[in-house]
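[1] Make a model of this:
(chains A and B)
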Amino acid sequence: MDTFTQGFSSAFTLIARFDPELYGIAGLSLCVSCSATILATAVTVPLAVFLGLHRFRGEETFSRLTGALMSIPSVAVGLFAAMLFSRRGPFGGFNLLYTPAAMAIAQALLVSPLSFGLAYQLSRQRGRENSEAARTLGASRLQTLRLVLRELRPALAANLFIVFARAISEVGTVMIVGGNIRYQTRVLTTAIATSASMGDTGFAVALGLILVTLALALSSAVSFFPKRDREAAG
Amino acid sequence: MKIVVRNLSIRRSPHFTLEVDELELGTDSVTAIVGPNGGGKSTLLHALSGLDQRMIPCLQFDGSPWGVDTRKYVTLMFQRPRLFHLTVMENTLLPLHFRGIPRSEAREMAIGTLTSLGIAHLADRRADRLSGGETQKAALARALVFNPRVLLLDEPTASMDNRSTELAERAVLEYAARTGANVVWVTHDGLQASRVANRTLRIEEGKVL
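    Okay, here's the model as predicted:
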């Protein structure tokens, strides 16, 4: 019981004292995961919406594949990204390994299938329904596209939060690519793992509380979307 | 607008194919399509709407193939109405906006149609706040408002109460009589078919009987 009492007590002290290392880690986490989310969605969402709205041969198989890729293990992506950025890898010349930039790119790779899959399924179901409805009313291609995008916008925004939540809560990718270097590449998840293993329960709990608060804030943000957009989004 | 369907074949599953060798749906008429669930009623209606590009070569409208402007005259009200995240009035104004009708004129037309279906009081309500029956009435208003020459209705009164069904039937029949539009009405209700239609087709297991 003492572990709990002491852990939470020192955690609250660290949070209340605005411990610079604690908030530095939280800030870096937000920065890396925001960048990863923006990078992933900027590339995948337009492509997913385009493919989702059009019929093509083999789309059932494609759809199943996108579903399967959404649950890709983070350590596998981390390993792949580390190989890309290692000195002898194809992007080794950029010297990105063990930097926040590499962590953001690796996280973007990790959440891209999720971002793509959610937007693709949404466009394939609701997007097509809306597109057909607009066409039966005499809308031109451009008018149809504008109306469909307008209809999908809230659900796509809700997807953004889900993608960000996945990015900020993962540990395997950033641990491998970032190296968990103190004051440089240590983020919330890797810092919790390190602090817990080193017996620094107070620091680990403080980081955990920040992570949980962020997760709850994201869940609350998603719950503000209308019910049918929440259901349509993952 | 007369519709002729020739050599239509739609395979929905290994066990179901809708096949129509030749079917003519004349002007000034309301045609009811009846039949059991899964018989192919909605599939035929979907094909007639031109939404399935592959079926367009099988369709002729007034002797001409499907052209760029045909979409402006043909509309389909889906079995599960697909209203947009807008108010009832905004939904009703959409097809008029697509046709470039000035806003004041469009608004008058929309109010007239909503009134004829008894839902003028719902004009400012958002579509997601409507009951099932109200949603169907709003979707019907949106389909009627721009005077389509072919009106395809897939069980348009399935969620409506008796009073609303009566209003909807009257509105569609008045519309057909006024404009000479070709109305194709899918229904499960044989009595409704006899009330609204001057011709009834039966579809079973993908065949028009």
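
[2] going forward, measure contacts and count neighbours with C-alpha atoms only.
    Will do.

[3] Can you report how many residues neighbour residue B:140?
    26 (other C-alpha atoms under 10 Å in any protein chain shown).

[4] for it, what are its contacts?
    B:77, B:156, B:168 (C-alpha atoms under 8 Å, 6 or more residues apart in numbering or on different chains).

[5] Could you list the residues of chain B in contact with chain A?
    B:49, B:51, B:71-76, B:82, B:84-85, B:94-95, B:98-99, B:143 (C-alpha under 8 Å from any C-alpha of the partner chain).

[6] Quick check: helices, which of those are part of them?
    Members of the residues of chain B next to chain A lying in helices (criterion: DSSP state H): B:94, B:95, B:98, B:143.

[7] Closest to residue B:26 out of those residues?
    Among these, residue B:143 lies closest to residue B:26 (C-alpha to C-alpha), at 19.7 Å.

[8] For that closest one, give me the pLDDT.
    Residue B:143 is assigned 96 on the pLDDT scale.

[9] Touching, it and residue B:77? I think so.
    Yes: assessed by C-alpha atoms under 8 Å, residue B:143 is found in contact with residue B:77 at 6.5 Å.

[10] what is in contact with those two at once?
    residue B:151.

[11] Which of the helices or strands spans residue A:105?
    helix A:100-122 (DSSP states H and E).

[12] helices or strands up against that helix?
    Judged by 3 or more C-alpha pairs under 8 Å, 6 or more residues apart in numbering or on different chains; DSSP states H and E, helix A:100-122 is in contact with helix A:20-53, helix A:59-69, helix A:74-85, helix A:141-169, helix A:172-178.

[13] could I get the following helix or strand past the last one in CSV with only the CA atoms?
    I take that to be helix A:172-178. The helix or strand immediately downstream of helix A:172-178 is helix A:188-197, counting by DSSP H and E. C-alpha atoms of helix A:188-197 as CSV (Å, rounded to 0.1, in the frame of the first residue of the first chain):
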residue,chain,number,x,y,z
LEU,A,188,5.8,9.7,-22.0
THR,A,189,5.6,6.0,-22.7
THR,A,190,9.3,5.2,-22.8
ALA,A,191,9.9,7.3,-19.7
ILE,A,192,7.2,5.4,-17.8
ALA,A,193,8.8,2.1,-18.8
THR,A,194,12.2,3.3,-17.7
SER,A,195,11.2,5.0,-14.5
ALA,A,196,9.1,1.9,-13.5
SER,A,197,12.0,-0.4,-14.2
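
[14] orientation of helix A:188-197 relative to helix A:20-53 in degrees?
    140 degrees (axes from the mean of the first three to the mean of the last three C-alpha atoms, to 10 degrees).

[15] Which phi and psi values does the residue lying closest to residue B:79 once chain neighbours are set aside adopt?
    Spatial nearest neighbour of residue B:79, excluding adjacent residues (C-alpha to C-alpha, 6 or more residues apart in numbering or on different chains): residue B:154 at 4.8 Å. Here is the backbone geometry of residue B:154 (degrees, to the nearest 10): phi -100, psi 100.

[16] Quickly list what residue B:154 is bridged to.
    residue B:186 (DSSP bridges).

[17] got a list of what it touches?
    B:42, B:45, B:76, B:77, B:78, B:79, B:185, B:186, B:187.

[18] Tabulate the CA atom coordinates of stretch B:140-158 in PDB.
    This file holds the C-alpha atoms of stretch B:140-158, laid out as PDB (Å, rounded to 0.1, in the frame of the first residue of the first chain):
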ATOM      1  CA  LEU B 140     -40.000  12.500 -50.300                       C
ATOM      2  CA  ALA B 141     -40.200  16.300 -50.300                       C
ATOM      3  CA  ARG B 142     -36.600  16.500 -51.500                       C
ATOM      4  CA  ALA B 143     -37.400  14.100 -54.300                       C
ATOM      5  CA  LEU B 144     -40.600  15.900 -55.400                       C
ATOM      6  CA  VAL B 145     -39.400  19.500 -55.100                       C
ATOM      7  CA  PHE B 146     -37.500  19.700 -58.400                       C
ATOM      8  CA  ASN B 147     -40.300  18.200 -60.600                       C
ATOM      9  CA  PRO B 148     -38.400  15.000 -61.800                       C
ATOM     10  CA  ARG B 149     -39.900  13.300 -64.800                       C
ATOM     11  CA  VAL B 150     -39.100   9.900 -63.400                       C
ATOM     12  CA  LEU B 151     -39.700   9.400 -59.700                       C
ATOM     13  CA  LEU B 152     -38.400   6.100 -58.300                       C
ATOM     14  CA  LEU B 153     -39.700   5.400 -54.800                       C
ATOM     15  CA  ASP B 154     -38.400   2.500 -52.700                       C
ATOM     16  CA  GLU B 155     -40.900   1.800 -50.000                       C
ATOM     17  CA  PRO B 156     -41.400   5.500 -49.300                       C
ATOM     18  CA  THR B 157     -44.000   5.100 -46.600                       C
ATOM     19  CA  ALA B 158     -42.600   2.100 -44.700                       C
END
